[in-house]
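Chemist: Build the 3D model from these lines:
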Amino acid sequence: MPLVSVLLPVYNGGAYLDAALGSILRQDYRRIEVIAIDDGSTDASLRILEKFRRADSRIRIVSRENRGLIASLNEGLELAGGELVARMDADDIAYPFRLSRQVAVLQRDPAVAICGGGVDSLVGSRLFRGIGDPIFATGDLRILSLFFTIFIHSTVVYNRDVLPDALLHYDARYPHAEDFDLFRRITAHFPAVMMEESLIAYRTHDGSVTSRHKKRMRATHLNIVGENLRQEGLMPDHRLLRSIAKEATPESVRAAADYVLRLETAVAATSAPSRTSYEAGWLNLFYFIYTMIADEKRPELTRQFLDETGKWGLIRRRERYAWQAGSLAPGLSLLSLAANKRLGEAIRYMSSVPASSILPPAGHWQE
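Modeler: Numbers count the residues shown, from 1 in each chain. Predicted coordinates:
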């Protein structure tokens, strides 16, 4: 049985850390060590970690001044002693079978360098079951990783018997998208596996890293996509993406639309069977840019993007009607979109279940 080192960076994660750490210690795969890096937390995180360590010797804690997530991740990798390294975030919850099933995948095929899986979404007290994207069953993960972060970070397990130490590190040049960068580098050279089943409950809240650093994350994400497509020979110049990453203006929206259309033409010229994966990647990039512009709440810019790309048919009908009125009545457009959002949330809520019906109650993680 290989040793699994669970890398757990923590920064002011006290509100959810009890559940996250407890879910790792209750795994049905027992041969683990937890490398917890307390990155200068000012809340109760360190006290919670020490409480768990007193009860379970498999936990190792490093506590020091704040250095940021990437430094914590790399420090944890250096300390990890396992043949396998699993990532875990301090606000997510791992299902009890997570590690055993990932270890089984890696043992069946020792050449696999990285394994990730699906997630359910945890929003407040409700759990939303994840729906796997069929493209992962048929698509080329190397190609898909050119366009987007193919794994949720806290589902991955790295195989150090396959990955060289020089490759398995996070690059500080890509803040808030360091996982995207690492996954693209791994899949460029080594096999990867995406498990269809959900391995964790991924918690969504305003205090998460993704929520707090969304703008910087998106800019870094687009920079990585531009680098990838230039190296792939699909798009020689990604300056058209840089402008939309900085600010949404009529000029930057026009540049982004131009980039999307040029890329669509380049993708159409790729050879089968890779074309399906390139097309899925292109579609993901289109929605990524569309969402960036829409989040600016300037309906005239979103309408401009959809007009100039001619991709009105790719968005939901109720959004389409709202944006079409955007340049004439932006206030009415925003009201319509807000109503559509509430409707969507209500419909989605109906598909959720109480988290308590799936997850152990708070305070019951320790055995």
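Chemist: which residues touch the most centrally placed residue in the chain?
Modeler: Nearest to the geometric centre of the chain sits Ile152, at 4.0 Å (Cα atoms, centre = their mean). By Cβ atoms under 8 Å, 6 or more residues apart in numbering, the residues touching Ile152 are Gly116, Val119, Ile200, Tyr202. Backbone N, C-alpha and C define where each C-beta goes, glycine included.
Chemist: Now do the contacts for the last one.
Modeler: To tie it back to what came earlier, the one meant is Tyr202. Contacts of Tyr202 (Cβ under 8 Å, 6+ apart): Asp92, Val119, Asp120, Ser121, Leu122, Ile152, Ser154.
Chemist: Which positions are bridged to the fifth one in the beta structure?
Modeler: Judged by DSSP bridges, the bridge partners of Leu122 are Leu127, Arg203.
Chemist: Ile93 is in contact with that one, correct?
Modeler: Yes - the criterion here is Cβ atoms under 8 Å, and Leu122 meets it with Ile93 at 6.8 Å.
Chemist: Name the residue in these two with the higher neighbour count.
Modeler: Ile93 (27 against 24; other Cβ atoms under 10 Å).
Chemist: what about Met195, which SS state?
Modeler: Following DSSP: H, G, I helix; E, B strand; the rest coil, we place Met195 in the strand state.
Chemist: Tell me the bridge partners for it.
Modeler: Those that pair with Met195 in a beta bridge, by DSSP bridges, are Gly117.
Chemist: Counting neighbours, what do you get for it?
Modeler: Count around Met195 with other Cβ under 10 Å applied: 18.
Chemist: Quick check: it touching Gly118?
Modeler: Yes - assessed by Cβ under 8 Å, Met195 is found in contact with Gly118 at 6.8 Å.
Chemist: residue ranges of the helices in the stretch 51-200 of the chain, please?
Modeler: 69-79, 98-108, 135-138, 141-144, 178-187 (DSSP state H, counting those that start in this stretch).
Chemist: What's the PyMOL line that selects buried ones from the contacts of Tyr202?
Modeler: Here is the PyMOL selection string for the buried members of the contacts of Tyr202, based on 16 or more other Cβ atoms under 10 Å:
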select buried, resi 92+119+120+121+122+152+154
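Chemist: Look at Ile35 and give its secondary structure.
Modeler: Ile35 ends up strand, using three-state DSSP.
Chemist: For it, list the residues it contacts.
Modeler: Ser5, Val6, Leu7, Leu8, Arg60, Val62, Gly76, Leu79, Ala80.
Chemist: Disregarding residues adjacent in the polypeptide, which is nearest to it?
Modeler: Closest residue to Ile35 apart from its sequence neighbours, by Cβ to Cβ, 6 or more residues apart in numbering: Gly76 at 4.7 Å.
Chemist: Quick one: residues contacting that neighbour.
Modeler: With Cβ under 8 Å, 6+ apart, Gly76 has these contacts: Ser5, Leu7, Leu8, Pro9, Ile35, Ile37, Val62.
Chemist: please redo it, this time with the cut-off set to 10 Å
Modeler: 5-9, 34-37, 60, 62, 85, 87, 170 (Cβ atoms under 10 Å, 6 or more residues apart in numbering).
Chemist: Many thanks, I have nothing further to ask.
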